[in-house]
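Novice: quick one, structure for this:
(3 chains)
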Amino acid sequence: MKNSFFFQKVYDVCQLIPEGRVSTYGAISKYISSPQAARMVGWALNKCPENMPAHRVVSKRGLLTGKIHFSGINLMQQLLENEGIVVKENQIQNFKIVFWDPTKELT
DNA sequence: CTGTTGACTGTCG
DNA sequence: GCGACAGCCAACA
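Specialist: Numbering: from 1, shown residues only, chains lettered A, B, ... in the order given. Presented below is the predicted three-dimensional model:
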């Protein structure tokens, strides 16, 4: 049992995000412990394993805040569009529609 | 070992 | 309505 259970949850939930759906740092962090821990989610995703769809995780407003850590700039957006998600100006349009909340979906 | 930073969010002012 | 501060945990210098 590691103390980094937080990271474990982040990785788990992140991979549990269904295709064509996106999640937010606050939702994941809140599902784990506190919504303030959203920074930890970003930190966990900073290691960004290849099996981690970090591109499905965005800020609460649907802004691709994490795309700056990706190889390029349009990479994250391209991946989201590939899933069927509509993105405009680094922001998810039908965000509330593609939004996937672990606290509600996983319950 | 101590201090700061970090892909954020919410509340106070 | 906009601006600044606080909080969570882990890793890096």
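Novice: contacting residues around the residue of chain A found nearest DNA strand C?
Specialist: With C-beta to the nearest atom of the strand as the measure, A:Gln36 is the residue of chain A nearest to DNA strand C, at 3.3 Å. In short, each C-beta sits where N, CA and C put it, glycine included. For A:Gln36, the contacting residues are A:Ser29, by C-beta atoms under 8 Å, 6 or more residues apart in numbering.
Novice: where does it land on pLDDT?
Specialist: Predicted confidence (pLDDT) for A:Gln36: 93.
Novice: looks to me like it is in a strand.
Specialist: No. Counting by DSSP: H, G, I helix; E, B strand; the rest coil, A:Gln36 is not found in a strand; it is helix.
Novice: can you list the residues of chain A near DNA strand B?
Specialist: Chain A comes close to DNA strand B at residues A:24-26, A:35-36, A:38-43, A:45-46, A:48, A:54-55, A:57, A:59-61, A:65-70, as judged by C-beta under 7 Å from any atom of the strand.
Novice: for chain A, what lies in contact range of DNA strand C?
Specialist: The interface of chain A toward DNA strand C, taken as C-beta under 7 Å from any atom of the strand, is made up of A:3-7, A:33-34, A:36-40, A:43.
Novice: quick one: which two of those residues are the most distant?
Specialist: A:Asn3 and A:Ala38 (19.0 Å; C-beta to C-beta).
Novice: neighbour count winner among these two?
Specialist: Comparing A:Asn3 with A:Ala38 by other C-beta atoms under 10 Å, the one with more neighbours is A:Ala38, at 20 against 6.
Novice: pretty sure the more buried one sits against A:Gly26.
Specialist: Yes. Counting by C-beta atoms under 8 Å, a contact exists between A:Ala38 and A:Gly26, whose distance comes to 4.9 Å.
Novice: of the residues of chain A next to DNA strand C, closest to DNA strand B?
Specialist: Of all the residues of chain A next to DNA strand C, A:Ala38 has the smallest distance to DNA strand B: 3.4 Å, by C-beta to the nearest atom of the strand.
Novice: coming back round to it: filter the residues of chain A next to DNA strand C to the buried ones?
Specialist: Neighbour-count burial (16 or more other C-beta atoms under 10 Å) is assigned, among the residues of chain A next to DNA strand C, to A:Phe6, A:Phe7, A:Ala37, A:Ala38, A:Met40.
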